[in-house]
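*Asks:* Okay, here's the prediction I keep looking at, along with the sequence it came from:
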Amino acid sequence: MLLKKTLGVIFGILFLSFAAFQYNDPDPLIWVTIYLIAAVLSFAAGFGRVSNAVLAVACVVYIGGVVYWWPERFEGVGDSMRDAATGALLVNVEEGRESLGMAICAAAMLTFILLSRFGKTHEANRTAL
């Protein structure tokens, strides 16, 4: 399915770029790993090289990450993670960004699951006609 392959490449490149931008994060190793896994799964899903069960587990883990990293008080994702006056890290903004990143990963995994299921149903209906 062309749509699935296209989205696999788009999400894969997106998550690779997310991983590349983590060099200045307070905890880069965790986030580079999280986004590289999402990139690999996206490329694999796009080309039918990973099962829906693996994607479902990843989706659940990413949703768990959304909950885990959700800030105590959501203050948006803002222009800067640092307070302009003090230079201190704005933890709620950082956690909001982390939570949003995990939500994007979860949404991508869910998209591939749905495309896989829809694609099989669509193909079965098309060959039956």
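*Replies:* Right, received. Where do you want to start? Residues are numbered from 1 along each chain as shown.
*Asks:* how about the residue nearest in space to the middle of the chain, what does it touch?
*Replies:* With distances taken as C-alpha atoms, centre = their mean, C105 lies nearest the centre of the chain, 1.4 Å away. By C-beta atoms under 8 Å, 6 or more residues apart in numbering, the contact list for C105 reads F15, I34, Y35, A38, A58, Y62, G65. Glycine gets a C-beta too; all of them are placed from N, C-alpha and C.
*Asks:* element containing it, please.
*Replies:* Element membership for C105 (DSSP states H and E) is helix 91-128.
*Asks:* Could you tell me which residues within that helix count as buried?
*Replies:* Neighbour-count burial for helix 91-128 flags 92-99, 101-106, 108-113, 115-116 (criterion: 16 or more other C-beta atoms under 10 Å).
*Asks:* per-residue confidence at L89?
*Replies:* The confidence metric pLDDT takes the value 72 at L89.
*Asks:* try the one 4 residues further on
*Replies:* If you check V93, the pLDDT there is 81.
*Asks:* Give me the three-state assignment for the closest residue to it other than its chain neighbours.
*Replies:* Leaving aside its sequence neighbours, V93 sits nearest to G78 (C-beta to C-beta, 6 or more residues apart in numbering; 4.6 Å). Following DSSP: H, G, I helix; E, B strand; the rest coil, G78 is assigned to coil.
*Asks:* tally of neighbours for G78?
*Replies:* Number of residues near G78 (other C-beta atoms under 10 Å) recorded here: 13.
*Asks:* now the worst-scoring helix or strand of the chain on mean pLDDT, how far from the centre of its chain.
*Replies:* In the chain, no helix or strand scores lower on mean pLDDT, DSSP states H and E than helix 91-128, which sits at a mean of 83. Averaged C-alpha coordinates place helix 91-128 at 8 Å from its chain's average position (C-alpha atoms, centre = their mean, to the nearest Å).
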